[in-house]
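Chemist: Build me a model from this:
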Amino acid sequence: MKIGVGLASQAAAKTSNRLRRPIADWPRIFKTAGAALLLSALTACANIAKVPPGTPANQVISQFGQPTYTCPLDNGGQRLIWSMQPFGQQAWGTNTDAEGRVGPVEQLLTDAHFQVLKSGEWTPEKLLCEFGPPAEKTGVGLPSSIQIVWSWRYMQDGVWYAMMHVYLGRDGERVTRFHPGPDPRYEGDRFWWF
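Modeler: Below you'll find the predicted structure:
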């Protein structure tokens, strides 16, 4: 009988440990739930890319909400940007013509699209009109030579959580250089699935 009591005690202890264990897993549960919410949000936003060119802008706005950023274009139209910054990694943009019809809707925060910064002169206004508001605006460097840096969160190569850092010089007036780097929010959780 003593063996049966001992086994029963061990089984009760294992059950008790299993009941306590999920409390220790709350961070993982929240991360999983957050990832599921983000995935559903990205799926909803991905549908905006399927809007056919020529659709009236007011129809797109009624379906997907107000853009997070707009700016006027030289042709009398507008640039419309729906951004998930400062915490998301995507921004969708389109240009309208003078009659208010949208062109193709594109994902703006990609390695390929950031390459437009290689040509021409880029001011802060032009950056905002091209990519929408950045996730962060910071300064880096020594106190005597601090440079203004705007950073957008995005998925580098469509896989890695990254930030594109765009340097605007000491006066903050012109883009001087840009480069990607890891998103520090995910550095500690690089292998969260283990």
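Chemist: can you give me the strands in the protein?
Modeler: Remark: strands assigned in the chain by DSSP state E are 69-72, 78-83, 91-95, 106-107, 136-140, 147-156, 160-167, 177-182.
Chemist: Quick check: buried residues in the last one?
Modeler: Along strand 177-182, these residues count as buried under the neighbour rule (16 or more other CB atoms under 10 Å): Phe178, Pro180. All C-beta atoms are positioned from the backbone trio N, CA, C, and that covers glycine.
Chemist: just the angle between it and strand 147-156, please?
Modeler: Counting by axes from the mean of the first three to the mean of the last three CA atoms, to 10 degrees, strand 177-182 lies at 50 degrees to strand 147-156.
Chemist: Partner strands of strand 177-182, with direction?
Modeler: Take DSSP bridges as the rule and strand 177-182 pairs in its sheet with strand 160-167 (antiparallel).
Chemist: now the partner strand against strand 136-140, angle please.
Modeler: If you take the same axes, to 10 degrees, strand 160-167 sits at 60 degrees to strand 136-140.
Chemist: Show me how far strand 160-167 is from its chain's centre.
Modeler: 10 Å (CA atoms, centre = their mean, to the nearest Å).
Chemist: what residues does it touch?
Modeler: Residues outside strand 160-167 that contact it (CB atoms under 8 Å, 6 or more residues apart in numbering): 89, 109, 114, 117, 122, 127, 134-136, 147-156, 175-186.
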